[in-house]
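Trainee: structure for this input, please:
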Amino acid sequence: MNRQMILVAGPYRSGTDDDPTLIARNVAAMTAASLQLFRAGHLPVMGEWFALPLIEHAGSRGIGDAIFNEMFHPIARDLVARCDACLRIGGASAGADEMVALARQHGKAVYYSLHDIPINNAQHEQRSETAILEVAVLNVRPGMEDEFEAAFAQAAPIIASMPGYVSHQLKRCLEVPNRYLLLVNWVSLEAHTVGFRGSPEYQRWKQLLHHFYDPFPVVEHYARTGDA
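Mentor: Below is the predicted model of the structure:
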């Protein structure tokens, strides 16, 4: 798979009533997805990265004023035409839906999940070459598999945003449907055991996922051998 330039499209103002804290949360979600794209070997793009500095420099007095409207969506529309694909994330958003429609008009690929995007193996393997592999067998309480997968989809951007994270995969067992295998590549053991586990973000990760496990998983770490 060749490296793709992928526009990340998600809610910006939608559902926020223009509350700066909620808008910042939306931007953070798109930025976390962008980081995962980069670590999968692709080039992420967000319209906000281009538009917002220009809007501020041009003297905009607030979201939705004439200067904002002059630049915000037109820049995103232009980016869609120049990108290879569009990743749609998050909830309802007329603007993000417009980016998807434009991407299709231009013949671009449209993705709705990070897991659907092929890894650029050349870039990915180069970054993963010296990584430490975290391995955890997750036994989820029977009957809660769908809830767990939905919660993991919320939690994935948390771990992907952490310093030292490289990539991850969640696989479901064919023989035991409530059993999952979590594989996470880190640049070092400490990036996981100290950096992630000692972070405020880890508390949110625990809140989303840990109540699904029975028994609680044993986590192990593996390094590449010299003859691999």
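Trainee: walk me through the domains of the chain.
Mentor: If the domains of the chain are taken from automatic domain parsing, they occupy 5-116, 129-222, with pieces of a single domain joined by a plus sign.
Trainee: check the gap between residue 119 and residue 109 for me.
Mentor: Between residue 119 and residue 109 the distance, using Cβ to Cβ, to the nearest Å, works out to 14 Å. For every residue, glycine as well, the C-beta is placed using N, CA and C.
Trainee: an error on my part: the question was meant for residue 14.
Mentor: From residue 14 to residue 109 the distance is 23 Å (Cβ to Cβ).
Trainee: also residue 138?
Mentor: In this structure, residue 138 and residue 109 are separated by 31 Å, where distance is defined by Cβ to Cβ.
Trainee: looking only at neighbour counts, state which of these two leads.
Mentor: Here residue 138 and residue 109 are compared on neighbour count by other Cβ atoms under 10 Å; more neighbours surround residue 138, at 21 against 16.
Trainee: which residues does the residue lying closest to residue 36 once chain neighbours are set aside contact?
Mentor: The shortest distance from residue 36 to any residue other than its chain neighbours is 4.3 Å, reached at residue 160 (Cβ to Cβ, 6 or more residues apart in numbering). Residues counted as contacts of residue 160 (Cβ atoms under 8 Å, 6 or more residues apart in numbering) are 32-33, 35-36, 39, 168.
Trainee: just send these back as JSON lines, with pLDDT, neighbour count and secondary structure too.
Mentor: Rendered in JSON lines, the data for the contacts of residue 160 read as follows (pLDDT from 0 to 100; neighbours: other Cβ atoms under 10 Å; DSSP: H, G, I helix; E, B strand; the rest coil):
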{"residue": "32", "pLDDT": "84", "neighbour count": "20", "secondary structure": "helix"}
{"residue": "33", "pLDDT": "85", "neighbour count": "26", "secondary structure": "helix"}
{"residue": "35", "pLDDT": "83", "neighbour count": "16", "secondary structure": "helix"}
{"residue": "36", "pLDDT": "80", "neighbour count": "23", "secondary structure": "helix"}
{"residue": "39", "pLDDT": "77", "neighbour count": "20", "secondary structure": "helix"}
{"residue": "168", "pLDDT": "89", "neighbour count": "18", "secondary structure": "strand"}
